[in-house]
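Undergrad: I would like the atomic coordinates for the input below:
(chains A and B)
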Amino acid sequence: MTSRPKKRRMLMRMLLRSIIRGRGRTLSALLAIVVAAAAATAMLNLFVDVQAKLHSEFRNYGANVIIVAKDGQTLPANALSTVESIIAGRDMAVPFAYVVARTASGKAVVVAGTDFSAVQKLDHWWSVTAWPSKPQQALLGTRAAQSLNVSSQPFSLSFQGKSIQLATAGTLQTGASEDSRIYISLSDFEKWTGVGVSTIEVAISGSPAEINAAMQNLAQRLPSAGITPIRQIMAGEANVLGKTRSTMLYSAILIIATAALCLLATLIGWVYDRRRDFAIMKALGASSVAMNGFFVGEATLLGIIGAIVGFAFGVGAAIWIGHASFHTAVVPRFGVFPIVLVGSVFVSLASALLPILLLQQVQPANILRGE
Amino acid sequence: MRAFTYSRNSPAFRTVIFSSNPIKSGPKFKKLMFVRLVFESFRRQKRRKLLACAAIALGVSVATAMIAVATGIGDKMSRELRTYGANLVVTPQEDTLDLQIGGVNLKPPTDGAYLKESDLSNIKSMFWANNIVGFAPMLPVNITLPKQGKVTLVGTYFSKTLSFGKQSFVTGVRATDPWWKVEGAWPNDDSGDVLVGERLAAKLGSRAGDQIEIDGTEHRVSGILSTGSTEDDQIVAPLPLAQHILGRADVVRRVYVSAVTKPEDSFARSDPKTLSPDVYDRWYCSPYPQSIAYQLQQAIPNAHAEQIRQISQTEGTILSRIEGLMLLVTLAALLASALAVSAAMATAIFERRGEIGLMKALGAGKTSVAAIFFVEAALLALLGGSAGFAGGAFLAERIGKLVFDSQIGISPVLFPIVLVIAILVTFAGSAVAIRRAIKLDPVYALRGNA
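TA: Below is the predicted model of the structure:
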């Protein structure tokens, strides 16, 4: 009669031996688990991260919130610094001030004062031949340049009796109302007209909830201003993001399901193939609890190793895909790991138990005879 | 061993044994025997074959579906990106400068040139007419409201049915600006009803169903409009009303066009006048924003068409990002399904090393054993690949329906490509296992301890 610890040691030994002796088939089963776990990890990681990545891509559309003074007045002088302190480094704000000025020949034109370096960062679609770099330089909208016929020589503009001498730095093309305006730097503009900022365009990145919170914050600090979301930008973003996310979701489900099913098929084959081991152990008098424990232990071990290796590969794949498509790294989500681990152990167990339950009803002699 | 039971008395068995016999090992006989071996293996090991076949079919169907989605997503997404509104604008060539600040039009009403409304239906006669999702003409006029003073009234199409030749189509702001929200009802394009912007409505205290006096006559306010933009301070009315106020028939100030376009590249930016006829045709027949703008200019006399860069340029960026993402996900999916198929094949062959040992013991050469297994693998790949392709087409269609509400088509050209890839992957997956099985000493293989 063998004692319990001896029995356990025997079981352990068989477990290890069977894995070492059957390297080839164990490795191919392990490969299947690794692939499945890696695919699941990569897809889950990407799916979680893609939303944040796309939100920042959507900021290419420029501002999504606009702050305007109520009833045609100007915003308080400290409005821009207040806005900047709220959005602090994360997002961008660009001030605009407008007047209608007259050229020397008496034509009316809208002149805008702004912060060129901020505009350059926020409005990527502005096609500009050369940005103004010195004071008293102006950026002319293409239609304004054509209509005013002031291509290279300096020109003057007047507003309420005060006039300013400007040199052309370059032209601007957007296809929208900017084309009929003249842009100068905000400091030149305020010195010349004495009119302050009337509009601040703000690009707030993040989910709709985060944007709402930021807007409420802005509204509290600037009670005299009207703060409105630019619906065109917000609605478009929500729609496209939603579609991209659902496409990613269905792709993830497809890929993970296939990987899991292939894993199931491979493992069932692997266990079924070892029916001789099973039969020999049974013939030698192993209890069915010990037998089940043996196969379950092996499958669990395989599942755990596969999940760990697969997770590492999957995170690598997700980082690479994120880097290649968004030029910024995807942050590895370790929260995904338990899901992958539980999933791969579960599938391994399921595929190990299924053939065992079938085999248990067969006489060992039949299996050993090769039937 | 099952292998013994079926081959002992068969002619195939004898041929293998006596393969050195010059009489019975003629090329014809060998061929027959080969076919028979493969056939028997399929007939007798249905479970194994089915499992391998299912693995291949699964892998191929996911690969096919992902390829279809990745190639179709550009087109689908660019239609979704149309929710951002018009990406092209058509203005009169001789237009004067806009004088617009914060949605208030400061331009004198007599100033500037107009386009003819009757020319607009030409838009649907263009080469890329099917890519035009919609267009909306705009005619801003200044009016004076009793309480409020000067207000801009914009005349436009809401959802107007136009006919061009025998075809008719519906267009207007409801197609080009899907983010416009109306509390109440949209006005009919033939009626005198108007929409009042929400900020203006708050000042006037008007609500849906009220009457408003415009230019001396009473008009019904059918709804309150909210756009989050300049229209919130304006009145939006059917085009004939604005034309009536202006006193000029058949005019519009500008037309916003929403078109499905292809992201711009350096070829798109070339000047059509400098291109040779061949290259010009290629440029003209690509749905770039530039070439559609060029065609709009041809369709509408005295017009200048331009892309609205904020929308069209950014669209290109977003589109290429999403396409790139899907492409890489597809690559990852292809790799994963290739590895899964390989693992399935490797196990399937590993199970059969006894059989391989038997064949070798009976005198079969390495090449003939390998040939048998490769032919089997190819047959499996063809069967599984065909089933997988059908499954993949179905999956792609489901995804298209679920996500985009439209079909994602799959090109039949893909079928042979997918089959070839399936065969290659199956071969690659089997190769290592077959090599190892062949190298194995038949004695060990037959004794069952590999």
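Undergrad: for chain B, which segments count as helices?
TA: Taking DSSP state H as the criterion, chain B carries its helices at B:2-7, B:11-17, B:27-44, B:46-80, B:173-176, B:198-204, B:239-246, B:277-284, B:289-299, B:309-350, B:353-361, B:366-399, B:414-439, B:442-447.
Undergrad: tell me which of these sits nearest to A:Ser198.
TA: Across the helices of chain B, A:Ser198 has its closest neighbour in helix B:198-204 (15.7 Å, C-beta to C-beta). Where you see a C-beta, it was placed from the backbone N, CA and C, and this is true even at glycine.
Undergrad: show me where chain A has its strands.
TA: Using DSSP state E, the strands assigned to chain A run over residues A:65-69, A:92-103, A:108-114, A:127-128, A:137-141, A:155-159, A:162-173, A:181-185, A:199-203, A:225-229.
Undergrad: redo the helices of chain B as TSV? Include mean neighbour count, distance to chain A and mean pLDDT.
TA: Putting those into TSV (neighbours: other C-beta atoms under 10 Å in any protein chain shown; distance: least, C-beta to the nearest C-beta, whole Å; pLDDT from 0 to 100) gives the following:
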stretch	mean neighbour count	distance to chain A	mean pLDDT
helix B:2-7	16	7	43
helix B:11-17	17	18	48
helix B:27-44	14	14	78
helix B:46-80	23	4	85
helix B:173-176	22	11	91
helix B:198-204	18	8	89
helix B:239-246	20	19	92
helix B:277-284	13	20	89
helix B:289-299	21	9	91
helix B:309-350	24	3	82
helix B:353-361	22	9	79
helix B:366-399	20	5	89
helix B:414-439	19	6	85
helix B:442-447	16	11	72
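Undergrad: mind putting those helices in TSV, distance to B:Thr161 included?
TA: Conversion of the helices of chain B to TSV gives the following (distance: least, C-beta to C-beta, whole Å):
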stretch	distance to B:Thr161
helix B:2-7	73
helix B:11-17	75
helix B:27-44	62
helix B:46-80	22
helix B:173-176	12
helix B:198-204	28
helix B:239-246	13
helix B:277-284	29
helix B:289-299	19
helix B:309-350	26
helix B:353-361	72
helix B:366-399	32
helix B:414-439	39
helix B:442-447	78
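Undergrad: A:Gly269: which of those helices is closest?
TA: Among the helices of chain B, helix B:309-350 sits nearest to A:Gly269 (C-beta to C-beta), with 4.4 Å.
Undergrad: now the closest one, how far from the chain's geometric center?
TA: Centroid displacement of helix B:309-350 relative to its chain, using C-alpha atoms, centre = their mean, to the nearest Å, is 15 Å.
Undergrad: again with stretch B:171-191
TA: 28 Å.
Undergrad: may I see the buried residues of that stretch?
TA: B:171-180, B:182, B:184, B:186-187, B:189 (16 or more other C-beta atoms under 10 Å in any protein chain shown).
Undergrad: nearest to B:Ala201, of those residues?
TA: Top of the list for closeness to B:Ala201, among these and by C-beta to C-beta, is B:Gly184 at 10.2 Å.
Undergrad: which stretch among the strands of chain A comes nearest chain B?
TA: strand A:92-103 (4.5 Å; C-beta to the nearest C-beta).
Undergrad: and that closest one, how far from the chain's centre?
TA: 35 Å.
Undergrad: which one of the buried residues of stretch B:171-191 sits closest to A:Tyr250?
TA: B:Pro178 (24.0 Å).
Undergrad: surely that closest one meets A:Ala238?
TA: No - B:Pro178 sits out of contact with A:Ala238 when judged by C-beta atoms under 8 Å, with a separation of 11.5 Å.
Undergrad: excluding its backbone neighbours, what's nearest the closest residue to chain A within the stretch 1-150 of chain B?
TA: Chain A sits closest to B:Tyr84 of the stretch 1-150 of chain B, with a gap of 3.8 Å, by C-beta to the nearest C-beta. Of all residues not flanking B:Tyr84 in the chain, A:Gly236 sits nearest, at 3.8 Å (C-beta to C-beta, 6 or more residues apart in numbering or on different chains).
Undergrad: now do the one you found, the pLDDT please.
TA: Per-residue confidence (pLDDT) for A:Gly236: 85.
Undergrad: count the neighbours of it for me.
TA: Neighbours of A:Gly236 under the rule other C-beta atoms under 10 Å in any protein chain shown: 26.
Undergrad: now do the one 5 residues further on
TA: Using other C-beta under 10 Å as the criterion, A:Leu241 is surrounded by 21 other residues.
Undergrad: what does the stretch 101-250 of chain A put close to chain B?
TA: By the rule C-beta under 8 Å from any C-beta of the partner chain, the part of the stretch 101-250 of chain A lying against chain B is A:107-110, A:123-127, A:143-144, A:147, A:173-177, A:180, A:198-199, A:228-236, A:239-240, A:243-244, A:246-248, A:250.
Undergrad: again, only this time at 7 Å
TA: Selection of the stretch 101-250 of chain A residues close to chain B by C-beta under 7 Å from any C-beta of the partner chain yields A:108-110, A:125, A:127, A:143-144, A:147, A:173-177, A:180, A:199, A:228-232, A:235-236, A:239-240, A:243-244, A:246-247, A:250.
Undergrad: ok, the residue of the stretch 151-300 of chain B found nearest chain A - contacts?
TA: Distance from chain A to each residue of the stretch 151-300 of chain B (C-beta to the nearest C-beta) is smallest for B:Gly228, at 3.1 Å. By C-beta atoms under 7 Å, 6 or more residues apart in numbering or on different chains, B:Gly228 lies in contact with A:Thr228, A:Pro229, A:Ile230, A:Arg231, A:Gln232.
Undergrad: related to what we said a few turns ago, ok, which of the helices of chain B comes nearest A:Phe47?
TA: Judged by C-beta to C-beta, the one of the helices of chain B that comes nearest to A:Phe47 is helix B:309-350, at 9.8 Å.
Undergrad: so which elements touch the closest one?
TA: helix A:23-58, helix A:231-273, helix A:288-326, helix B:46-80, helix B:414-439 (3 or more C-beta pairs under 7 Å, 6 or more residues apart in numbering or on different chains; DSSP states H and E).
Undergrad: distance to B:Val133 added to those helices, as CSV?
TA: Formatted as CSV, the helices and strands packed on helix B:309-350 follow (distance: least, C-beta to C-beta, whole Å):
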stretch, distance to B:Val133
helix A:23-58, 20
helix A:231-273, 13
helix A:288-326, 27
helix B:46-80, 7
helix B:414-439, 28
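Undergrad: the residue of the stretch 1-150 of chain B closest to chain A and A:Ala235 touch, don't they?
TA: No - applying C-beta atoms under 7 Å, one finds B:Tyr84 not in contact with A:Ala235, separated by 8.2 Å.
Undergrad: out of these two, which sits in the busier spot?
TA: Taking other C-beta under 10 Å, B:Tyr84 and A:Ala235 do not tie; B:Tyr84 has more neighbours (26 against 20).
Undergrad: who touches that one in this structure?
TA: Counting by C-beta under 7 Å, 6+ apart, B:Tyr84 has contacts A:Gln232, A:Gly236, B:Ile311, B:Glu315.
Undergrad: and for A:Ser147?
TA: Per C-beta under 7 Å, 6+ apart, neighbours of A:Ser147: B:Thr96, B:Leu97.
Undergrad: can we see that at 8 Å?
TA: Neighbour list for A:Ser147: A:Lys107, A:Val109, A:Ser180, B:Thr96, B:Leu97 [criterion: C-beta atoms under 8 Å, 6 or more residues apart in numbering or on different chains].
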